[in-house]
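J.: What shape does this take:
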Amino acid sequence: MSNLQKAHTSAEVILDKTLRSTQGSRQFINRFNNWTIESNVIWNKRKFKLHIKCRNSSLFQEFPTCYIKRSVFLEIISRSEMLKFSGEKSKYTDFLHTDYLVLQLLDFRCSKIGLEGKNFVFKGNIKRKNIEELSDLYWSLEEVCLNFNSFLESVKQN
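T.: From the prediction side, this is the model:
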């Protein structure tokens, strides 16, 4: 695992709850700094389906709804990385296109990242056997939240 070989607490909670049954769903909330991470996890015997909303409690503004995801069909045809954007374009969508970690999070299966209301949203699937990847996802999301804070501060100053 990337962050000093320590599993993220959210990944540990998911693992603990999913060991008891082959399918189900669970919703839980994790907090760090000023951020609240609300995770909705649905699982079956093969994969976790994640819907994660990250919200900064000190932010009161609404973001225009927008998402980016990989365009698999166009990537196969063009043999290069292609992103598909949907929603309203704003100054906040630049963060989604330029942040390295956001682009790395798009490598997860069926992943979609965006802004919705007051939330930074991640939707995607992970194989159930790959707990390291699940833990890395949560570590990366925390880092993206901190990067988004920095981005919002720079937007305020301009």
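J.: So which bits of stretch 30-42 are buried?
T.: Under the neighbour-count criterion of 16 or more other C-beta atoms under 10 Å, stretch 30-42 has N30, W35, T36, I37, E38, S39, V41 buried. Backbone N, C-alpha and C define where each C-beta goes, glycine included.
J.: oh, I was asking about stretch 57-65
T.: Along stretch 57-65, these residues count as buried under the neighbour rule (16+ other C-beta under 10 Å): L59, F63.
J.: Can you tell me what sits against that stretch?
T.: Residues from elsewhere that reach stretch 57-65 (C-beta atoms under 8 Å, 6 or more residues apart in numbering): 34-36, 87-90, 92-93, 114-119, 152.
J.: Show me those that map onto helices.
T.: Among these, the members falling in helices are T93, L152 (criterion: DSSP state H).
J.: from the contacts of stretch 57-65, which single one is nearest S140?
T.: W35 (13.4 Å; C-beta to C-beta).
J.: coming back round to it: which among the contacts of stretch 57-65 gets closest to K69?
T.: G114 (8.5 Å).
J.: Pull out the buried residues from the contacts of stretch 57-65.
T.: The buried subset of those (16+ other C-beta under 10 Å) comprises W35, T36, G87, Y92, T93, G114, L115, N119, L152.
J.: Please report the distance of the first one from F120.
T.: Looking back up the chat, that one is W35. Applying C-beta to C-beta, to the nearest Å, the value for W35 to F120 is 9 Å.
J.: joint contacts of the two?
T.: Common neighbours of W35 and F120, counting by C-beta under 8 Å, 6+ apart, are C54, R55, C145.
J.: So for stretch 64-83, mean pLDDT?
T.: Stretch 64-83 carries an average pLDDT of 68.
J.: Identify the bridge partners of the most centrally placed residue in the chain.
T.: The structure's the chain has its C-alpha centroid closest to F122; by C-alpha atoms, centre = their mean the separation is 3.3 Å. Per DSSP bridges, the residues bridged to F122 are I52, I113.
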